[in-house]
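Trainee: Sequence and predicted structure, then a few things I'm wondering about:
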Amino acid sequence: MSAAPRINAFGQPIGAALETSLPRPRPPRAAMRGRYCAVVPTDVSIHASELYRAFARDAGGRDWTYLGYGPFDTYDAFRRWLDTTCTGDDPLFHTILDGAGRPAGLASYLRIEPAVGVMEVGHIHLSPGLQRSRAATEAMALMMARAFDELGYRRYEWKCDALNAPSRRAAERLGFTYEGTFRQATAYKGRNRDTAWYSVVDGEWPALRDAFDAWLSPENFDAEGRQISPLATPGRAAL
């Protein structure tokens, strides 16, 4: 049960006092490293060719359906997209390196609002080899940890096409709370997009961090790399 709102001198309900000083810092261009992956600022000159090869394993292009760009028929087209889209400060793109140090996915911080301590994770595109892996989960945990532990943000958002069932399942598995759907929020690839909104707020992060740490522990995987206990984020069924 949420606490009763504060009442001001006029008898009006008002929000809780801030526990975090504002503004918060912008995310740095610095690597995040875990047991199974690293998440590093995207360097097109270094990452482009291996990313293209990794994404090309999705031969039919189904993994691009719910993104506003792609698939790319040629390396040159992909490289141009990286150069024009993935080198700015917002969105701030990162490359996910697998356990062997190979570029295997992309993700970004975006809609970064230091003044109020809010940002979003998005542009998530995982190669077939990275999907459903420990590295994929760890990459998301590392990015969330930077937002809350390192930078002190108050809110971390995840938004996706409301018809994108895999993205919605991923958000819920990672502990995000569904907040509603914005109808006809945008349009892309010649079609409408209703956008589903999810978030994690700072008060929820300590329990989520513990859940990630427990699931990512080497002791949670057998000799074949299969999980022993599923990820159980607070308030949600184990997934």
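Mentor: That came in fine, so what should we check first?
Trainee: Could you give the number of residues near the residue lying closest to residue 38 once chain neighbours are set aside?
Mentor: Here the nearest residue to residue 38 in space, its sequence neighbours aside, is residue 97; by C-beta to C-beta, 6 or more residues apart in numbering that works out to 4.4 Å. C-beta: built from backbone N, CA, C; applies to glycine. Close neighbours of residue 97, defined as other C-beta atoms under 10 Å, add up to 22.
Trainee: What are the phi and psi values at residue 97?
Mentor: For residue 97, the backbone dihedrals (degrees, to the nearest 10) come out as phi -100, psi 130.
Trainee: Next, the contact list for it, please.
Mentor: With contact taken as C-beta atoms under 8 Å, 6 or more residues apart in numbering, residue 97 is in contact with 37, 38, 39, 40, 103, 104.
Trainee: Repeat that for residue 118.
Mentor: Shown here is residue 118, whose contacts under the criterion C-beta under 8 Å, 6+ apart are 111, 153, 154, 155, 156, 157.
Trainee: I'd like the distance between the fourth one and residue 15.
Mentor: In this case it means residue 155. Look at residue 155 and residue 15: by C-beta to C-beta, to the nearest Å, they are 13 Å apart.
Trainee: between the two, who's got more neighbours?
Mentor: In terms of neighbours (other C-beta under 10 Å), residue 155 is the more surrounded of residue 155 and residue 15; the figures are 16 against 7.
Trainee: can you map out the strands along the protein?
Mentor: Secondary structure of the chain, counting by DSSP state E: strands at 6-7, 13-14, 32-33, 38-41, 92-97, 103-113, 118-126, 155-161, 177-188, 191-201.
Trainee: winner for burial among these?
Mentor: Each of the strands of the chain was given a mean neighbour count from mean count of other C-beta atoms under 10 Å, and the largest, a mean of 25, is that of strand 92-97.
Trainee: angle of it against strand 118-126?
Mentor: Between the axis of strand 92-97 and that of strand 118-126 there is an angle of 40 degrees, by axes from the mean of the first three to the mean of the last three C-alpha atoms, to 10 degrees.
Trainee: can you give me the offset of strand 92-97 from its chain's centre?
Mentor: When distances are taken as C-alpha atoms, centre = their mean, to the nearest Å, strand 92-97 is centred 11 Å away from the chain's centroid.
Trainee: Next, the distance between the ends of stretch 148-155.
Mentor: End-to-end distance of stretch 148-155 (C-alpha to C-alpha, to the nearest Å): 8 Å.
Trainee: An error on my part: the question was meant for stretch 167-182.
Mentor: End-to-end span of stretch 167-182 (C-alpha to C-alpha): 16 Å.
Trainee: Run through who's touching it.
Mentor: Contacts to stretch 167-182, defined as C-beta under 8 Å, 6+ apart, come from residues 66, 124, 137, 140-141, 144, 158, 160-162, 194-200, 204, 208, 211, 231, 233-234, 236, 239.
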